[in-house]
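Trainee: Build me a model from this:
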Amino acid sequence: MWRSLSRRRFLSVAGSGILAGEFGFRRLEGQTAREGLNILFLMTDQHNARVLGCSGNPIVQTPNLDRLAAEGVRFTNAYCATPFCSPTRGSLVTGLWPHEHGIIQNVDGAAHGITDANAITENLLLDRGYKTSHRGKWHLGPYSDVRCYRDDKPEGRGWGMLREAVCPEADYPPQEGEVRLFGRPVIMQDFMLEAHRTWDSYDKIPPQDISIIGRSILPREGTVEAWYTEQVCGLMEKHRSENWMITWSVSPPHAFWVCPDPYYGMYDPAGFALPTNLSEMPDVVRQSVGYRLAQLLGERGIREYLRCYYGQVSMVDWYTGQILAKLDELGLAERTLVVFTSDHGDMQGGHGIVCKSVPAMYEEITRVPLMFRLPGRIPAGGTPDVHALSVDMMPTLLDYVGVPAPEGIAGRSLRPFIEGQPDDGAPAFSERTGLNYNWVERMICRDGWKYVFHSAWPSELYSLKDDPGEVRNLFGDPGAQAVRDDLHRQLREWMTATKDAGLARMPETPKT
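Mentor: Next comes the predicted model:
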């Protein structure tokens, strides 16, 4: 095991420089910029890897994302660094694990985020003359804390102007019993409205009310995502004769789970087959927000939540299509690396849980969609099954544009696997850390097994080959003891190599 970990670490430091190269791209007619590679980074929030047509989902309609996968590669075993927002987003831009870059909780209020003290992809590209722009969710502190976005100001009309133009608030006077978002009503089914009111009376509700689930009056043309899309299309046109990295980062399919027609009406709640992977779980999981809300919603409510979630995914797919069409219109597709991913997944009712707010490492929330497209450079239709990790994003992007990755990062370039190299068997890791390290969760997946160490509640071991739903915890099974002990040792080696402070809470051998 130590040999493969060392190889991952070696490749992360040296591989980018070895594999990187300058590519000569066809100069566009009338274009004066130096030939080079652009990066279009497309990102959703809380996107379950299985809710895509290209991943085999028979219900969801995602023609544009399916096209992206067909024209490029789609990783089938991509894992997030942490199954919630800010820590993973920090890993995507730094190539470091959350316990290395220091963001182990969501960046809200006074929490620190990414600054110029961190070597991030966009700063490295800015230093080499790239135009760097970000539209949408950052969740890593103020944009002004990083120089790559310090002067990146939206141009033209703002979202409020767009929203008011297509859906004037005055046209929707308040009505008794309605739920309003951004001044416009959300139409909720009666049973969902009742659940929402009950949820609102509970203690310890998160600031964002995840029980608002229904049809939005605000049309897709008036959403903030439409504004981000408009801005990104404008930026691509503005910088068409320059090299750029532009990020489009949207919240859906994250709560609030509301979407307008035609997407709300696109899916029949009765058509969803609810997950059957119910399992015994520790009390800390049963007390979580995600489990409590699912129990309140019941089967009927979970179906409505899935209907809105799928509707949001199809709406995001439509916006994605607008961006890709603009890229084609500008003649930039052949020299633009397009990436699509998400920061973490969503439980989708698995294990009787919705959302992602649960202290666990289930596949539903740790696995994410991940696609790369570059016509003529990346083979079309590939589905690498290598473990692709959040920390691998930075070195992969830098590899493709010929920029050396910083020394000491944890990730490695995925480019060899994108271009056809077989899986080398390297493991996947993920982590979750309590405030001030009062508890830790650490995960390793390798050779079809998943081991999750919990410092404050029972640990878990699953055979993903035989039990993909993670229903049978084999941690205490004598027949799996050798596998468990070996994965525990390998996890400790990784934590030691990456200077993880959580190691202090992990015994040298598993405790049953």
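Trainee: In this protein, where is pLDDT below threshold?
Mentor: Within the chain, the stretches with pLDDT under 70 are 1-35, 109-111, 204-207.
Trainee: I'd like to know which elements the longest helix along it is packed against.
Mentor: Longest helix in the chain by number of residues (criterion: DSSP state H): helix 289-329. Applying 3 or more C-beta pairs under 8 Å, 6 or more residues apart in numbering; DSSP states H and E, we find helix 289-329 packed against strand 38-44, helix 63-71, helix 190-200, strand 213-216, helix 224-238, strand 257-259, strand 336-342. (Each C-beta comes from the backbone N, C-alpha and C, glycine too.)
Trainee: what angle do the last one and helix 289-329 make?
Mentor: In this case it means strand 336-342. With axes from the mean of the first three to the mean of the last three C-alpha atoms, to 10 degrees defining the directions, strand 336-342 sits at 170 degrees from helix 289-329.
Trainee: so what does strand 336-342 touch, helix or strand wise?
Mentor: By 3+ C-beta pairs under 8 Å, 6+ apart, strand 336-342 packs against strand 38-44, helix 63-71, helix 289-329, strand 370-373, helix 393-401.
Trainee: what's the closest of the ones you listed to residue 458?
Mentor: helix 289-329 (16.1 Å; C-beta to C-beta).
Trainee: next one: the longest helix of the chain to chain centre, how far?
Mentor: Chain-centre distance of helix 289-329: 14 Å, with C-alpha atoms, centre = their mean, to the nearest Å.
Trainee: That one versus helix 224-238: what angle between them?
Mentor: Using the same axes, to 10 degrees, helix 289-329 lies at 30 degrees relative to helix 224-238.
Trainee: how many other residues sit next to the spatially closest residue to residue 330 that is not a sequence neighbour?
Mentor: Using C-beta to C-beta, 6 or more residues apart in numbering and skipping the chain neighbours, the partner closest in space to residue 330 is residue 240 (5.2 Å). Counted with other C-beta atoms under 10 Å, residues neighbouring residue 240 total 17.
Trainee: Does residue 240 touch residue 329 like I think?
Mentor: No. Residue 240 is beyond contact range of residue 329, at 10.1 Å (criterion: C-beta atoms under 8 Å).
Trainee: circling back to that earlier point, three-state assignment of the residue nearest to residue 330?
Mentor: Look at residue 240: counting by DSSP: H, G, I helix; E, B strand; the rest coil, its state is coil.
Trainee: ok so, going back, overlap of the contact sets of residue 240 and residue 329?
Mentor: Residues touching both residue 240 and residue 329 (C-beta atoms under 8 Å, 6 or more residues apart in numbering): there are none.
Trainee: Mean neighbour count added to the helices and strands packed on strand 336-342, as JSON lines?
Mentor: Listed next are those as JSON lines, based on neighbours: other C-beta atoms under 10 Å:
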{"stretch": "strand 38-44", "mean neighbour count": "23"}
{"stretch": "helix 63-71", "mean neighbour count": "20"}
{"stretch": "helix 289-329", "mean neighbour count": "21"}
{"stretch": "strand 370-373", "mean neighbour count": "26"}
{"stretch": "helix 393-401", "mean neighbour count": "26"}
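Trainee: so what's the nearest residue to residue 339 once chain neighbours are set aside bridging to?
Mentor: If the residues on either side of it in the chain are set aside, residue 339 comes closest to residue 41, at 5.1 Å by C-beta to C-beta, 6+ apart. Under DSSP bridges, the beta-bridge partners of residue 41 are residue 247, residue 339.
Trainee: from what I can see residue 41 touches residue 248, true?
Mentor: Yes. Counting by C-beta under 8 Å, residue 41 touches residue 248, with 7.2 Å between them.
Trainee: Check the contact lists of the two and give me the overlap.
Mentor: Between them, residue 41 and residue 248 share no contacting residue, judged by C-beta under 8 Å, 6+ apart.
Trainee: thinking again about what came up before, got the phi/psi numbers for the residue nearest to residue 330?
Mentor: phi -60, psi -20 (degrees, to the nearest 10).
Trainee: can you pull the contacts of the spatially closest residue to residue 301 that is not a sequence neighbour?
Mentor: Sequence neighbours aside, residue 195 is the residue nearest to residue 301 in space, at 5.6 Å (criterion: C-beta to C-beta, 6+ apart). Residue 195 is in contact with 211, 296-297, 301, counting by C-beta under 8 Å, 6+ apart.
Trainee: how near is residue 195 to residue 92?
Mentor: Distance, residue 195 to residue 92, using C-beta to C-beta, to the nearest Å: 34 Å.
Trainee: Repeat that for residue 233.
Mentor: With C-beta to C-beta as the criterion, residue 233 and residue 92 are 23 Å apart.
Trainee: So for those two, which sits in the more crowded spot?
Mentor: When neighbours are counted by other C-beta under 10 Å, residue 233 and residue 92 differ, and residue 92 comes out ahead with 26 against 19.
Trainee: so the one helix or strand that one maps to versus strand 336-342, what angle?
Mentor: Residue 92 belongs to helix 85-94 when assigned by DSSP states H and E. In terms of direction (the same axes, to 10 degrees), helix 85-94 departs from strand 336-342 by 160 degrees.
Trainee: Helix 85-94 - contacts with which helices or strands?
Mentor: So helix 85-94, by 3+ C-beta pairs under 8 Å, 6+ apart, packs with helix 98-101, helix 393-401.
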